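[1] whatever this is, show me its structure:
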Amino acid sequence: MPLPETIGGWVLQDDPVTYDRESIFDYINGAGEVYRSYAFNQVSVERYQREEAETVTVEVFDMGTPHDAWGVFSYAREEEETGIGEAFERKGSILCFWQNRFYVCVSADQVGEDPGPVLEEVAGGISQHLPFGGERPPLVRALPPADLVPLSDRYFHLHQTLNYNYYLVRENVLNLSPDTDAVLARYAPGSTYLVLIRYPDESEAAAALSSFREAVLGAEEVETAEGLDGKFYSSGQEGVYLALVLDGATESAAEALCLMALERLATLQD
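    Residues are numbered from 1 along each chain as shown. Next up, the predicted model:
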């Protein structure tokens with residue numbers, strides 16, 4: 001996606017450097033696995049310059065789909081603001097936003113003491129040049145809103161991403177793959193987690209449910225159980241969807257959250 005030649009007083013420098021799914025490790029080493037856990041296609045790295053010493057770097061990640069663009073944005077976000085793209089977050093001298101199938105990061109290499117205005121100016125100019133729009137994954141709508149911890153929702157596909165946010169077990173007992181969609185969120189009080197997963201068909205969902213119950217609850221027929229840590233785990237299936245409650249404070253609370261999630265999953269249209 002060609003970027004604008006100028007943004008205010010900023011001028012695009014040279015040609016972009018592009019990295020695909022294989023060569024991304026040449027650019028960001030181990031962190032490339034985060035992007036590869038989604039439908040990442042490529043990233044283009046470009047630089048803008050204003051005057052002699054001031055430069056900013058722009059990274060445009062083509063994540064394949066709007067859902068995965070939001071997924072990588074949600075991966076470790078702590079804040080979320082509107083006004084640039086579909087949403088953006090600024091951390092120090094870096095501002096990242098998602099829009100359509102793109103995830104964009106703008107970093108201030110050499111600017112004044114407060115890089116905020118520069119980051120917003122350049123990021124806003126990039127946003128105006130990209131295709132507009134982008135919806136969050138349908139699974140996010142199935143999260144029960146009551147007691148949901150703001151900005152705790154994470155969208156992903158693979159087992160290693162689940163374990164990054166909540167360590168379940170070493171083995172991939174949920175049979176997560178690039179063909180599965182999942183969202184994890186935290187609920188108050190305490191640190192109860194809800195995981196919603198969509199499988200390609202009902203038989204795969206049923207197999208994953210049995211595997212989870214056997215590994216985590218101790219038996220395939222058990223729906224809710226107390227773990228060795230004194231917390232409660234509950235699970236259920238609704239068609240191609242699974243709902244899993246992890247670290248519930250009480251048995252009744254875990255069952256209630258799971259049931260509520262299953263009811264909301266039933267309303268999703270494929």
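
[2] please report the distance of the residue of the chain positioned farthest from its centre from residue 11.
    Computed with C-alpha atoms, centre = their mean, the residue of the chain farthest from its C-alpha average is residue 52, at 37.3 Å. Using C-beta to C-beta, to the nearest Å, we find residue 52 at a distance of 12 Å from residue 11. For every residue, glycine as well, the C-beta is placed using N, CA and C.

[3] show me the contact partners of stretch 146-157.
    Residues from elsewhere that reach stretch 146-157, judged by C-beta atoms under 8 Å, 6 or more residues apart in numbering: 37-38, 67-68, 70-71, 74-75, 77-80, 136-137, 139-140, 143, 161-162, 165, 176-189, 260.

[4] what subset of those residues is buried?
    37-38, 67-68, 70-71, 74-75, 77, 136-137, 139-140, 143, 161-162, 165, 176, 180-187, 260 (16 or more other C-beta atoms under 10 Å).

[5] so which of the contacts of stretch 146-157 are in helices?
    Counting by DSSP state H, the contacts of stretch 146-157 place 67, 68, 70, 71, 74, 139, 140, 161, 162, 165, 260 in helices.

[6] need those residues in TSV (columns: pLDDT).
    Conversion of those to TSV gives the following (pLDDT from 0 to 100):
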residue	pLDDT
67	96
68	97
70	96
71	95
74	93
139	95
140	94
161	93
162	94
165	92
260	96
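
[7] tell me which two in these are the farthest apart.
    68 and 260 (26.9 Å; C-beta to C-beta).

[8] can you map out the strands along the protein?
    6-7, 10-20, 42-50, 54-62, 87-91, 94-99, 102-110, 154-156, 181-187, 192-198, 224-226, 232-238, 241-248 (DSSP state E).

[9] could I get the ones you listed as a markdown table with mean pLDDT and distance to residue 205?
    Output for the strands of the chain, formatted as a markdown table (pLDDT from 0 to 100; distance: least, C-beta to C-beta, whole Å):
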| stretch | mean pLDDT | distance to residue 205 |
| --- | --- | --- |
| strand 6-7 | 90 | 47 |
| strand 10-20 | 89 | 33 |
| strand 42-50 | 92 | 32 |
| strand 54-62 | 93 | 30 |
| strand 87-91 | 93 | 30 |
| strand 94-99 | 96 | 28 |
| strand 102-110 | 90 | 29 |
| strand 154-156 | 96 | 17 |
| strand 181-187 | 97 | 12 |
| strand 192-198 | 97 | 8 |
| strand 224-226 | 89 | 18 |
| strand 232-238 | 95 | 6 |
| strand 241-248 | 96 | 6 |
